[in-house]
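Enquirer: this is a predicted model, with the sequence first.
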Amino acid sequence: MALQGNLRDFSATEILQLIGTQKKTGALMMEWNSERALIYVSEGRIVSTRQPGLSKDDPLLAFLRRVRRLSDEQLRGILTIQKESNRDLEELLVNGRYLEADELAGFLERQIFDDLMRLVRWENGTYRFDPHARWPSPPLVRLSIEGALIEAARRVDEQKRFVGVFKDPYALLSVRDLPDPNEPLSEEERELFAIVDGRHTVQEVVEAAALSEYEAYEALHRMLQANWIEFAGRRDPGVRPAPGPAAPRIAVAPRRPWWRELAVAACVLAVMLGLRRLSAAVDPAAAPPPRGDVFAAAFERDVRHALHLYRRQHGHYPRRFEDLVEARWIGARRAALPGYLLRYRPSDDGAGYALELQPVR
């Protein structure tokens, strides 16, 4: 019997529970107005909620951008290579060494939970299960449907509570007390805590976090409950916080002609598809990003990603930081951070580099 119908009769949760109980393999497709959803399952376990290949609205791509794991320059390179090779995003990320397989699996799980939070709230629409559809490659994750649904339902309930607590997006957050050094906070949560300074609103802190929206609110709620942070007034929409020090300036050459950019893209494609042996040079130990500024940490990550991409094309790191900008591996507007001086020093052989962000006094 075909598994298809209307979500008014059976909810998305009930359909997924049936698929899990019967250990089905295939793809569940759902539609509601202009929204579409796709869930690949293998023997009753969720392996993906995205279409194979790569599109600009790919949920995994959007998630990696949201959590600051892919820079604009990396995204440009991935889209160029995928257009020519027609390979799946997961394969590109692992084989291109953007992410290790274990790290990517963690991001996939988080992205799937985000999608399930949206789907379990659908009250209308249609569904259809295709038992012949298969995820085209060995899956990196295999989530229990029952466990995933329980977690998604918990998150939906928690999100309702967060909406009540953080009901004003323009409320200012300030530090009330410092967490214990032994408190089990992730690096992303520590960066989130670093931007709470009484000058930034709830909305700004959430948007700056290297976390999904749900994860950012969850972390803020935990910090509020622990009395580490507190509400400190309100800043009306359109009013900006007091400006910081001026941004350091870096000389940038005029934009290159389109044919030179095309040549650069072709070189990148040739390197990624034809050369498997990358430079064996090992980066020197990187200095940690400034602990007190989440924007500085995110800025430094983006610069390091761009430097790695440059090395993949040229076989060495740039002689000057300006070379990275002129070759458009990083945009001119993203090459400086207000309040910080960027110091870049390549090694003599171009196999390594030192990068520092120094606060401007």
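Expert: Perfect, thanks for sending it.

Enquirer: could you chop this protein up by domain?
Expert: Residue ranges for each domain of the chain read 4-158, 166-234, 258-359, as given by automatic domain parsing.

Enquirer: hey, where'd the helices end up in the stretch 1-150 of the chain?
Expert: For the stretch 1-150 of the chain, the helices defined by DSSP state H, counting those that start in this stretch occupy 12-21, 59-66, 72-85, 89-95, 101-119, 145-165.

Enquirer: tell me the pLDDT of the residue nearest to the spatial centre of the chain.
Expert: The central residue of the chain, meaning the one whose C-alpha is nearest the mean C-alpha position (Cα atoms, centre = their mean), is residue 64 at 2.3 Å. The model reports residue 64 with a pLDDT of 94.

Enquirer: got the contact list for it?
Expert: Residues in contact with residue 64 (Cβ atoms under 8 Å, 6 or more residues apart in numbering) are 70, 107. Placement of C-beta: from N, CA and C, glycine included.

Enquirer: by average pLDDT, which secondary structure element in the protein comes out worst?
Expert: Lowest by mean pLDDT, DSSP states H and E among the helices and strands of the chain is helix 258-274, with a mean of 42.

Enquirer: beyond it, next helix or strand please.
Expert: Toward the C-terminal end, the helix or strand that comes next after helix 258-274 (DSSP states H and E) is helix 294-314.

Enquirer: elements contacting the helix or strand just after that following helix?
Expert: Scanning forward in sequence from helix 294-314, with DSSP H and E defining helices and strands, the next element found is helix 321-326. Under the contact criterion of 3 or more Cβ pairs under 8 Å, 6 or more residues apart in numbering; DSSP states H and E, the helices and strands touching helix 321-326 comprise helix 294-314.

Enquirer: so where is the chain shaky, pLDDT-wise?
Expert: When residues are selected by pLDDT under 70, those of the chain lie in 1-2, 242-295, 298, 328, 331-334, 361.

Enquirer: swap in 50 and give it another go.
Expert: 1, 244-292 (pLDDT under 50).

Enquirer: check contacts around residue 306.
Expert: Listed by Cβ under 8 Å, 6+ apart, the contact partners of residue 306 are 71, 73, 74, 324, 329, 330.

Enquirer: without its sequence neighbours, what residue ends up closest to the third one?
Expert: What sits nearest to residue 74 in space, not counting adjacent residues and going by Cβ to Cβ, 6 or more residues apart in numbering, is residue 305, at 5.5 Å.

Enquirer: following element in sequence after whichever strand or helix holds residue 216, please.
Expert: For residue 216, the enclosing helix or strand under DSSP H and E is helix 213-225. Using DSSP H and E, the helix or strand that follows helix 213-225 towards the C-terminus is strand 229-234.

Enquirer: which strands or helices does that next one pack on?
Expert: Based on contacts counted as 3+ Cβ pairs under 8 Å, 6+ apart, the elements that strand 229-234 packs against are strand 171-175, helix 213-225.

Enquirer: try it again with 7 Å
Expert: Secondary structure elements in contact with strand 229-234, counted by 3 or more Cβ pairs under 7 Å, 6 or more residues apart in numbering; DSSP states H and E, are strand 171-175.

Enquirer: so which bits of the strand it packs on are buried?
Expert: Neighbour-count burial for strand 171-175 flags 172, 173, 175 (criterion: 16 or more other Cβ atoms under 10 Å).

Enquirer: quick one: the last one from residue 25, how far?
Expert: This means residue 175. Counting by Cβ to Cβ, to the nearest Å, the separation of residue 175 from residue 25 is 50 Å.

Enquirer: equivalent analysis for the second one, please.
Expert: The spacing between residue 173 and residue 25, counted by Cβ to Cβ, is 46 Å.

Enquirer: picking that back up, for residue 201, state which of the contacts of residue 306 is nearest.
Expert: Checking those against residue 201 by Cβ to Cβ gives residue 71 as the nearest, at 25.3 Å.

Enquirer: next up, the contacts around that closest one.
Expert: 302, 305, 306 (Cβ atoms under 7 Å, 6 or more residues apart in numbering).

Enquirer: now the closest residue in space to residue 221 that isn't next to it in sequence: how far from residue 156?
Expert: Distance criterion Cβ to Cβ, 6+ apart; nearest residue to residue 221, sequence neighbours excluded, is residue 162 at 5.6 Å. With distances defined as Cβ to Cβ, the gap from residue 162 to residue 156 amounts to 11 Å.

Enquirer: those two: who's more crowded?
Expert: The residue with the greater number of neighbours, taking residue 162 and residue 156 and applying other Cβ atoms under 10 Å, is residue 162; the counts read 18 against 15.

Enquirer: wait, doesn't that one sit right on residue 224?
Expert: No. Using Cβ atoms under 7 Å, residue 162 is not in contact with residue 224; the gap is 9.9 Å.
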